[in-house]
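1. this one's structure only:
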């Protein structure tokens, strides 16, 4: 059975296999299973096999072949369309640079930017001589949810800002694990 061969190939691939060894395998699957002369079920199986290989070794496919395979996202058959979309979804997560610009997701905000904004505001207030004992009330939380963060829109974030943002996110997660979701913040 051909589908078992595709499953075995997908399961046999892993991160330690060089990408140049798997690239001819992916091209052979593409030529024999993912083309217009194949039936829809065969095309979906081929696309899913390629996706499973790329889950285990993302460097096994080049950008031109990936872009050709993503063209099947608008195929009339639902199984082929869903297989192509799952391939796009995979590469959105692991390597979006290989996708065409229109297939990439546009980030509308930086995750956790409000923590960095709050930290910078506290540091500025400490420098000005003000000390805040508690900054988190139910009213402040409601206001923070209503207005979007302006820090990412008005300032360019430096690598130091991103490092501090990662540190603040880790502290926030640790604090949530220890104290739960309701907490009072104090100045550091």
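-> That came in fine, so what should we check first? The structure presented is a predicted model; accordingly, all values stated were derived computationally and were not measured.
2. any stretches of the protein with poor pLDDT?
-> Of all residues in the chain, those with pLDDT under 70 make up the ranges 106-110, 130-154, 181-188.
3. quick one, domains of the protein?
-> 2-103, 113-179 (automatic domain parsing).
4. including mean neighbour count, could those go into a markdown table?
-> For every residue, glycine as well, the C-beta is placed using N, CA and C. Formatted as a markdown table, the domains of the chain follow (neighbours: other CB atoms under 10 Å):
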| stretch | mean neighbour count |
| --- | --- |
| domain 2-103 | 16 |
| domain 113-179 | 12 |
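5. distance check, residue 42 against residue 83.
-> Distance, residue 42 to residue 83, by CB to CB, to the nearest Å: 11 Å.
6. should've said residue 58
-> 17 Å.
7. go on, residue 160?
-> 42 Å.
8. with residue 169 instead?
-> Separation of residue 169 from residue 83 (CB to CB): 35 Å.
9. ok, residue 102 next?
-> In this view, residue 102 and residue 83 are 19 Å apart by CB to CB.
10. name the single longest helix found in the protein.
-> In the chain, with assignment by DSSP state H, the single longest helix is helix 159-179.
11. what about the helices in the chain?
-> According to DSSP H, the helices that the chain contains are 2-12, 19-33, 40-56, 63-70, 78-94, 113-127, 138-146, 151-154, 159-179.
12. for the third one, packing partners?
-> Looking back up the chat, that one is helix 40-56. Contacts defined by 3 or more CB pairs under 8 Å, 6 or more residues apart in numbering; DSSP states H and E place helix 40-56 against helix 2-12, helix 19-33, helix 78-94.
13. got CSV for these, with distance to residue 119 too?
-> Formatted as CSV, the helices and strands packed on helix 40-56 follow (distance: least, CB to CB, whole Å):
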stretch, distance to residue 119
helix 2-12, 45
helix 19-33, 41
helix 78-94, 28
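14. between these, which one is closest to residue 121.
-> Judged by CB to CB, the one of the helices and strands packed on helix 40-56 that comes nearest to residue 121 is helix 78-94, at 32.7 Å.
15. who does the closest one touch, helix- and strand-wise?
-> Packing contacts for helix 78-94, counted by 3+ CB pairs under 8 Å, 6+ apart, involve helix 40-56, helix 63-70.
16. 6 Å instead?
-> Secondary-structure packing of helix 78-94 (3 or more CB pairs under 6 Å, 6 or more residues apart in numbering; DSSP states H and E): helix 40-56.
17. can you state the direction angle for the helix it packs on and helix 63-70?
-> 140 degrees (axes from the mean of the first three to the mean of the last three CA atoms, to 10 degrees).
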